[in-house]
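Student: give me the fold of what follows.
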Amino acid sequence: MKKVLVITNHSYMLWQFRRELIRELLQEYNVAVSTPFVGHEDDFAAMGCNMIETNVDRRGINPVTDLKLYRTYAKILKEEAPDMVITYSIKPNVYAGFQCRIHKIPYCVNVQGLGTAFQKAGLAYIVTVMYKAALKKAKTVFFENEGNAELFRTKKITPAEQQTLLPGAGVNLDYYQSEPYPNNEAVHFLYLGRIMKEKGMDELFCAVRELHKKYKNRFVLDLVGFFEDEYKEQVEQLSDEGIAVFHGFREDPRPYYAKADCIVLPSYHEGMSNVLLEAAATGRALITSDIPGCRETVDDGESGYLCKVKDADMLSRRMEWFLELSREERMQMGQRGRKKMESTFAKEKVVQKTVESVWK
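Tutor: Here you go, the predicted model:
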């Protein structure tokens, strides 16, 4: 059997969003996975994957550490001798991608979002140069939204013929089933994810404080996820004032989607938001930023609302629009979102397109 080597920076995230793809690959190929072990590595091993623990500093930019990672990938590629390599996230994409190019190993790269790397001019230039070198011989480069793909074309990193557009990781419609719409006394807005600046927390917290002046206890903001230290005080204050309820991190988000009336994600940048896909699959309306990776999940005014990124006033108005809807209208928004997931974002369609593109 041919061997596929999957290289990523997070075993937990790979399990959450790519396990169906791995399971499909295992039907015809031996699969090895290079990743830091941070959760579900035993589950992958039980599926039949050869798991290779690989330390990756996900956020740091340390030349010594990164050179060590580059050499580690060279060693793994030599030992595993894969017939195909599939990479996820920037450091595997660049360092493993460049090693594959040097050793003429077929490889496919996944650009799941641009993150902060393209937000700062100096860093963006460096990353652009590195991506150009690493992706030059990639068989295909997968993108989760057209905006990111267009940027790579504009910067002459990858031409159109080298690109494959996927609707994100897709969403498992059996796992995220359409749930009965809740009959909450107060409207529950849900934010699910890391509580950090780039997810629009400043704007969201400003918006709910403004709404609270008019609507008081007619709504509540549920927060599910880890918060970064800079938001600890604000989260505690919102909780003390009865505006928000902090639930902490929860591995299974489904009960929180089911209890919510609407999911809010005012993010600054996304590849394709899995939270929005999962929430819409559950049958819930969405309020999110009008940016690549978010706008694709919403039919504005039909299954939710789009708002200008970094605009707290507009976000507050869109949340107010939702508050003024009847329960029936809110429910219908969610139902239209579920239909959109079924027609465009079903997981099996994404898996099939990915496999076909890898081996075409």
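
Student: in the stretch 1-150 of the chain, which spans are strands?
Tutor: 3-7, 30-35, 50-53, 84-88, 107-111, 140-143 (DSSP state E, counting those that start in this stretch).

Student: mean confidence score for the third one?
Tutor: Looking back up the chat, that one is strand 50-53. On average, the pLDDT along strand 50-53 is 98.

Student: any idea how far that strand is from the chain center?
Tutor: Its chain's average C-alpha position is 23 Å from that of strand 50-53, according to C-alpha atoms, centre = their mean, to the nearest Å.

Student: pretty sure Val6 contacts Ser34?
Tutor: Yes. Contact between Val6 and Ser34 holds when scored by C-beta atoms under 8 Å: they sit 7.1 Å apart. C-betas here are computed from N, CA, C, even on glycine.

Student: out of the strands of the stretch 1-150 of the chain, which is closest to Phe118?
Tutor: Taking C-beta to C-beta, strand 107-111 is the member of the strands of the stretch 1-150 of the chain nearest to Phe118, at 10.5 Å.

Student: low pLDDT regions in this protein?
Tutor: 60, 116-117, 119-120 (pLDDT under 70).

Student: got the domain ranges for it?
Tutor: For the chain, the structural domains run 3-170+346-359, 187-344, going by automatic domain parsing.

Student: would you turn those into JSON lines with mean neighbour count and distance to Tyr181?
Tutor: As requested, the domains of the chain are arranged in JSON lines below (neighbours: other C-beta atoms under 10 Å; distance: least, C-beta to C-beta, whole Å):
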{"stretch": "domain 3-170+346-359", "mean neighbour count": "18", "distance to Tyr181": "22"}
{"stretch": "domain 187-344", "mean neighbour count": "19", "distance to Tyr181": "4"}
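
Student: would you map the strands across the stretch 251-360 of the chain?
Tutor: Secondary structure of the stretch 251-360 of the chain by DSSP E, counting those that start in this stretch: the strands cover 262-265, 285-289, 304-307.

Student: for Phe345, which of those strands is the nearest?
Tutor: Closest to Phe345 of the strands of the stretch 251-360 of the chain, according to C-beta to C-beta: strand 285-289, at 12.5 Å.

Student: what does the closest one rub up against?
Tutor: 189, 200, 261-268, 273, 276, 279-280, 294-295, 297-298, 303-309, 315, 318-319, 322, 330, 333-334, 337 (C-beta atoms under 8 Å, 6 or more residues apart in numbering).

Student: again, only using 7 Å
Tutor: Counting by C-beta atoms under 7 Å, 6 or more residues apart in numbering, the neighbours of strand 285-289 from elsewhere in the structure are 200, 262-267, 276, 279-280, 294, 297-298, 303-307, 309, 318-319, 322, 330, 333-334, 337.

Student: again, but for stretch 85-98
Tutor: 4-9, 56, 66, 69-70, 73, 100, 105, 107-112, 117, 130-131, 133-135, 138, 358.

Student: against Asp261, how distant is Pro255?
Tutor: When C-beta to C-beta, to the nearest Å is applied, the distance between Pro255 and Asp261 equals 14 Å.

Student: and Gln163, by the same measure?
Tutor: Counting by C-beta to C-beta, the gap between Gln163 and Asp261 amounts to 38 Å.

Student: check Lys310 too.
Tutor: In this view, Lys310 and Asp261 are 24 Å apart by C-beta to C-beta.

Student: how far is stretch 324-341 from where the chain is centred?
Tutor: When C-alpha coordinates are averaged (C-alpha atoms, centre = their mean), stretch 324-341 and its chain have centres 23 Å apart.

Student: quick revisit: looking at the strands of the stretch 1-150 of the chain, which is nearest to Glu41?
Tutor: Comparing the strands of the stretch 1-150 of the chain by C-beta to C-beta, strand 50-53 comes nearest, at 5.1 Å.

Student: contacts for stretch 298-316?
Tutor: Contacts of stretch 298-316 with the rest of the structure, by C-beta under 7 Å, 6+ apart, involve 203-204, 206-207, 210-211, 266, 268, 280, 285-291, 295, 318, 321-322, 333, 336-337, 340.
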